[in-house]
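# Provide a 3D model corresponding to the input given below.
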Amino acid sequence: MHKHMGREKKSVWTKVFAAALAVSWVLIGVLWAQVYRLSRQNFFSRDIALSDTYYLAQFRDEEPAGEVEWVMGEVQDSAAEAAFWQDAAQDFGWSLEAGESPSELFRSIYQSVGGFRTALSGIRDGLGLTDEEFCFRLSGVPFLDGTEMPNGSEAVCATMLLGHRGISADPAQFAREYLPAEPVENRWGIRYGPDPSRAYAGDPFSETGGWGCCAPVIVESIGAYLGPSAEWKALNFSGYDLKDIFSRVVIGWDTPAAVWVTDRMEKADIAFQWHSYDNETTYLCPANQRCMVLVGGDAEHYYFFDPCESSSVVSYPCRQAEESFRALGSQAVAVLPRNAADSESSAGE
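Numbers count the residues shown, from 1 in each chain. This next block holds a predicted model:
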């Protein structure tokens, strides 16, 4: 009888051991499956290094051909080109008359030469003017400090656009009440968040938890603030070059434009990534993304209001700013009279 009981105990322990072993193998399988999942997905949830060539190749276009064909046949090199335009400044009789606004002179010449930078520099030098005397800068654009929202430059720039139209808007209130935002969170080491073209990713008031949004979100936010019957309308100018935004919107419409660039126009070399909540899409956002308001320029620079800078106006070389703008997908928003915005929308279709 004792032998029989011993065999039963041994059999029970054998079953327990076998069950424990089976559970262990299941847990190991689950663990390895999770490790595999993380290795496959977490690559798209880490901050990754980007080469300038790799990232900008998505947006870079060839330089427009033939924009100055009517004059380039007479120009052999940069020195001759500069001399040509210096002489042209005198031949065309351009000058800064007493009491004339530098902006009006710059606008007239800019539109005459199609925004060709070498021409603008040559004419400036031919007229003996400084950049301060030969530039274009919008008036009536309020500069708003964005330090209260360290990652909310998009909302601050939106309120500057509204302020230019005489519509008072508090940046913090605008962000809390009109900016659609959804959280970015980590689950099992994987970062999840919203589509930044549909909602702000994270919290714009957070120093470390605000990721940003794209132009369509700001268009929607301004539209919600203004209402459907307002005389003004936000329009998405994304897809144009920065030069086109400057020419068409800033100079053409006397209107500032919110533009998506990088901090201090530096290269987009690090990007945040996260998954959509349904794991179907991966979103990428340069870590040094910044929204600024384009308010003017001169022969060699663009002028911006940067809500994260203490100075009201910052300037950057045209080429550097254009590269930075393209690195962020050539995104821009402006607030136009509703009838003009509808015309622009129809023209862009």
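# Can you list the strands that the one helix or strand residue 315 maps to pairs with?
Secondary structure assignment for residue 315, by DSSP states H and E: strand 314-317. The strands beside strand 314-317 in its sheet (DSSP bridges) come out as strand 301-305 (antiparallel).
# Could I get the buried residue list for the strand holding residue 315?
By neighbour count on 16 or more other C-beta atoms under 10 Å, the buried set for strand 314-317 is 314-316. (Glycine included, C-beta is placed from N, CA and C.)
# repeat for stretch 260-272
260-263, 265, 267-269, 271-272.
# what do you get for stretch 220-229?
Judged by neighbour count using 16+ other C-beta under 10 Å, the buried positions of stretch 220-229 are 220-223, 225-226.
# now stretch 308-322
Going through stretch 308-322 with 16+ other C-beta under 10 Å, the ones that come out buried are 308-309, 314-316, 318, 320-322.
# Compute the first-to-last residue distance for that stretch.
Between the opening and closing residues of stretch 308-322 lies a distance of 20 Å (C-alpha to C-alpha, to the nearest Å).
# How about stretch 112-120?
Length of stretch 112-120, first residue to last, C-alpha to C-alpha: 10 Å.
# Quick check: residue 173 is in a strand.
No - with DSSP: H, G, I helix; E, B strand; the rest coil as the criterion, residue 173 is located in helix rather than a strand.
# thinking again about what came up before, for residue 303, state which of the buried residues of strand 314-317 is nearest.
Distance to residue 303, by C-beta to C-beta, is smallest for residue 315 among the buried residues of strand 314-317, at 5.2 Å.
# before we move on, back to that, for the strand holding residue 315, the averaged confidence score.
This predicted structure assigns strand 314-317 an average pLDDT of 96.
# Show me the contact partners of it.
The list of residues contacting strand 314-317 from outside it, by C-beta atoms under 8 Å, 6 or more residues apart in numbering, reads 264-265, 292, 297-298, 300-306, 324.
# Residue 113 contacts residue 120, correct?
Yes - Residue 113 lies in contact with residue 120 (C-beta atoms under 8 Å); the separation is 6.6 Å.
# so for stretch 267-283, what's the average pLDDT?
87.
# and that stretch, how far apart are its ends?
19 Å.
# counting contacts, what elements does the helix or strand containing residue 335 pack onto?
Under DSSP H and E, the secondary-structure element containing residue 335 is strand 332-337. For strand 332-337, the contact count by 3 or more C-beta pairs under 8 Å, 6 or more residues apart in numbering; DSSP states H and E identifies helix 153-164, helix 215-226, strand 232-236, helix 242-245, strand 257-262 as packing neighbours.
# Just put these in CSV and tack on distance to residue 105 and mean pLDDT.
Compiled in CSV, the helices and strands packed on strand 332-337 are given as follows (distance: least, C-beta to C-beta, whole Å; pLDDT from 0 to 100):
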stretch, distance to residue 105, mean pLDDT
helix 153-164, 22, 97
helix 215-226, 32, 97
strand 232-236, 28, 96
helix 242-245, 19, 96
strand 257-262, 22, 97
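# and the ones you listed as a markdown table, adding distance to residue 202?
Putting the helices and strands packed on strand 332-337 into a markdown table (distance: least, C-beta to C-beta, whole Å) gives the following:
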| stretch | distance to residue 202 |
| --- | --- |
| helix 153-164 | 12 |
| helix 215-226 | 12 |
| strand 232-236 | 22 |
| helix 242-245 | 27 |
| strand 257-262 | 16 |
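# Quick one, which of the ones you listed gets closest to residue 337.
Smallest distance to residue 337 across these (C-beta to C-beta): 6.4 Å, for strand 232-236.
# Pairing partners for that closest one, with directions?
In the sheet containing strand 232-236, the strands it pairs with under DSSP bridges are strand 332-337 (antiparallel).
# between the partner strand and helix 153-164, how many degrees?
When axes from the mean of the first three to the mean of the last three C-alpha atoms, to 10 degrees is applied, the directions of strand 332-337 and helix 153-164 differ by 20 degrees.
# which residues touch strand 332-337?
For strand 332-337, using C-beta under 8 Å, 6+ apart, the contacting residues are 158, 161-162, 164-165, 215, 218-219, 222, 231-238, 240, 242, 245, 249, 253, 255-260, 294, 344.
# Then stretch 212-222?
Applying C-beta under 8 Å, 6+ apart, the external contacts of stretch 212-222 come out as 151, 154-155, 157-158, 161-162, 174, 178-180, 196-202, 234-236, 238, 258, 260, 285, 289, 291, 329, 331-333, 335.
# Who's the closest spatial neighbour of residue 247, skipping the chain neighbours?
Taking C-beta to C-beta, 6 or more residues apart in numbering as the measure, residue 247 lies nearest to residue 115, with 5.2 Å between them; neighbours along the chain are not counted.
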